[in-house]
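**Q** generate coordinates for the sequence data below:
(one chain, ligands or ions: 1)
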Amino acid sequence: MNLPIDLRNGRPDSAETHALTNLSCEMQDYNLYTQDVALVEAVHREGGAAAAAGMDAFGQMCGTADYLELGRLANRVRPEFDSHDRFGRRVDLVRFHPAYHQLMKTSIEHGLHSSPWTAPGVGAHVARAAHSYVHTQVEAGHGCPITMTFAAVPALKLQHDLAAVWIPKICSLVYDPRNVPVDHKQGVTVGMAMTEKQGGSDVRANSTIAVPVGAGGPGMPYELTGHKYFVSAPMCDAFLVLAQAPGGLSCFLLPRWRPDGSKNAIQVLRLKDKMGNTSNASGETELRGALAWMVGEEGRGVRNIIEMVSMTRFDCMIGSSAGMRMATSQALHHCAHRAAFGRVLNQHPLMQNVLADLALESEAAMTLTMRMARAMDNRAVETEDLLVRLVTALGKYWICKRTPDHAYEAMECIGGSGVMEDSMMPRLFRESPVNSIWEGSGNVQCLDVLRAMQKTPAVMDAFFLEVDKARGGNALLKHYVEALQNDLKDLREMEFRARDLADRMALALQAALLVQHAPSSIGDTFCQSRLAQQGMHNYGCLPRGADACAIITRAAPYGHGGSCA
Ligand SMILES: Cc1cc2nc3c(=O)[nH]c(=O)nc-3n(C[C@H](O)[C@H](O)[C@H](O)COP(=O)(O)OP(=O)(O)OC[C@H]3O[C@@H](n4cnc5c(N)ncnc54)[C@H](O)[C@@H]3O)c2cc1C
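**A** Now for the predicted structure:
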């Protein structure tokens, strides 16, 4: 009942219990590219300058409130699976929220699934990595089919007849999500099915059987029977699959549709109920005599599909670096808009230490990722090719492993509202472990680093050549690298020590890159905090003398992070 004001004895409306003060605001309507000083520098430094103008427009679009909302919607409304249509026909159909389709469309129209293959050369991988880094900050899950489609190309090139049919459709800039055979489509996406119930890391344990339909051999059709326990993006138009052929584990291309227009016998049993990565559907499937064509030589399946896997590992580096950048931005933004105990949060010395440390980690991850993008653009140079061999495993292990802690710490900077589902932080946090687990989990990457060192010792020459470029620039780095070199000479119990060695190699490489390319407040503080300190540390333990304010100011999204000075 609305009482007249005089009957309330002049008291204010009781619905207004409090005044709104000290509230932060959404970080939106900002340019995700130009506000990122370190990224802009990296794009130019690593050969991607030609892409800068396009990146500016892309960053502007990605940072609008409406576009950022797509990321929320695509995860809030989970994909739904229909095994059959309402009449009873088997359809294996996954339905996504329109926001997911919009994100896919943007990625494909900007060539995030193909540009280094269609326009290779100086800066091609760098430009793609930078676009992907920006777009992943809006939404990470849809990046899974984009990455797999991108990564399928080097593997498919091993089989020219299949490549001739599929690669032009893969490289098309048209997003065509229709569930129809490849010859009716303007553009296609490709997934990957290796993992089975009995083993994901050890794919040699795959039990799916491939029986030749005719003579068999490379490019020939086979029928595959078995299961694949994780098949992400099951609406892809085809999958690269491992199966046991008479001559051993081999790689196959398995399309959704048979050439006669009937549905292929790959059946999705159910979608995984994942803790994160929810916009991306991941299915458990069975192959019931599914028709597939052999890619490359029989018995060389792992060797052939590894062409794909090394690309997806690189994309894990991009994805986790992007997650760290968005988490850092969210923390910096919030702490510039919220006060406690009489001061804006980013003016408290201890909070400055935490924020600067988060920013350091984020810049180190991005810097290493973009350096590797340049190496991928220059594989004709032997040392660059060797770096790709070693550092896709090393960087994937290290950057992805650093991300969950980082996400959690950034969440804590925001306080209680950072835990709430209407903040972006829970999504970043739940997404954060995935990159480390798929495409070869942490231990598997470390063992791969050892394998590269043992099989191709020249990778270590390329590694130290890169690190040496910065050695004169910081005394701590010089001593750190000497100790690392000594420990690498000791070949005892290498497997047991693999994580320790990989951690130190990754830190040395990140430090070397930052010492060379970042302001001294960044490079020197990274060395002091990561190379000199002994024992375990949480974020926020930068040593005295670190110029936290300079680090924060460099990382702060313009107009949103403010200055902490
Ligand atoms: C969201 C999501 C989506 C996925 N999508 C796909 C997909 O589309 N296609 C696909 O093929 N797979 C997919 N996977 C599966 C993923 O690649 C596997 O989960 C991963 O390879 C690990 O395999 P696993 O789960 O069988 O674990 P396991 O192989 O059993 O490994 C368990 C642990 O043991 C460790 N380990 C293994 N070997 C060694 C060793 N020699 N020494 C020390 N430690 C070791 C691993 O590092 C890991 O930590 C997906 C997974 C997830 C989470």
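
**Q** tally of neighbours for K197?
**A** Each residue near K197 was counted by other C-beta atoms under 10 Å, and the total is 12. Glycine gets a C-beta too; all of them are placed from N, C-alpha and C.

**Q** got it, and V203?
**A** Counted with other C-beta under 10 Å, the burial measure for V203 works out to 16 neighbours.

**Q** I'd like the distance between the nearest residue to it once chain neighbours are set aside and the ligand.
**A** Once its chain neighbours are removed from consideration, V203 has its nearest residue in M194; the separation is 5.0 Å (C-beta to C-beta, 6 or more residues apart in numbering). Between M194 and the ligand the distance, using C-beta to the nearest ligand atom, to the nearest Å, works out to 4 Å.

**Q** repeat that for V182.
**A** Following C-beta to the nearest ligand atom, the distance that separates V182 from the ligand is 20 Å.

**Q** ditto for H334
**A** Taking C-beta to the nearest ligand atom as the measure, H334 falls 29 Å from the ligand.

**Q** right, and that residue touches M411 too?
**A** No. The pair H334 and M411 fails to qualify as a contact (C-beta atoms under 8 Å) at a distance of 10.1 Å.

**Q** joint contacts of those two?
**A** For the pair H334 and M411, residues contacting each of them under the criterion C-beta atoms under 8 Å, 6 or more residues apart in numbering are G418.

**Q** between these two, which is the more surrounded one?
**A** Comparing H334 with M411 by neighbour count (other C-beta under 10 Å), the higher total belongs to H334, at 25 against 22.

**Q** who touches that one in this structure?
**A** Each residue near H334 by C-beta under 8 Å, 6+ apart is listed here: 24, 345, 413-415, 418.

**Q** between these, which sits nearest the ligand?
**A** Comparing the contacts of H334 against the ligand with C-beta to the nearest ligand atom places G418 closest, at 23.5 Å.

**Q** please verify my assumption that V43 contacts G54.
**A** No. Counting by C-beta under 8 Å, V43 does not reach G54; the two are 10.6 Å apart.

**Q** which element is the closest residue to C62 other than its chain neighbours on?
**A** Across the structure, with C-beta to C-beta, 6+ apart as the measure, the residue nearest C62 apart from its sequence neighbours is L32 (4.6 Å). When elements are defined using DSSP states H and E, L32 is found to belong to no helix and no strand.

**Q** for burial, what's the neighbour tally of L32?
**A** Using other C-beta under 10 Å, L32 is surrounded by 27 other residues.

**Q** same thing with V295?
**A** As a burial measure, the neighbour count of V295 was computed by other C-beta under 10 Å and equals 27.

**Q** wait, it sits on L158?
**A** Yes. Look at V295 against L158 with C-beta under 8 Å: they come within range, at 5.8 Å.

**Q** quickly list what's touching both of these two.
**A** With contacts taken as C-beta under 8 Å, 6+ apart, the residues that reach both V295 and L158 are 251, 304.

**Q** measure the most centrally placed residue in the chain to the ligand for me?
**A** Closest to where the C-alpha atoms of the chain average out (C-alpha atoms, centre = their mean) is G319, at 2.0 Å. Taken as C-beta to the nearest ligand atom, the spacing of G319 relative to the ligand amounts to 12 Å.

**Q** begin at 654 from here
**A** From this message on, residue numbering opens at 654, which makes the last subject G972.

**Q** which secondary structure element contains that residue?
**A** Assigned by DSSP H and E, G972 falls in helix 954-990.
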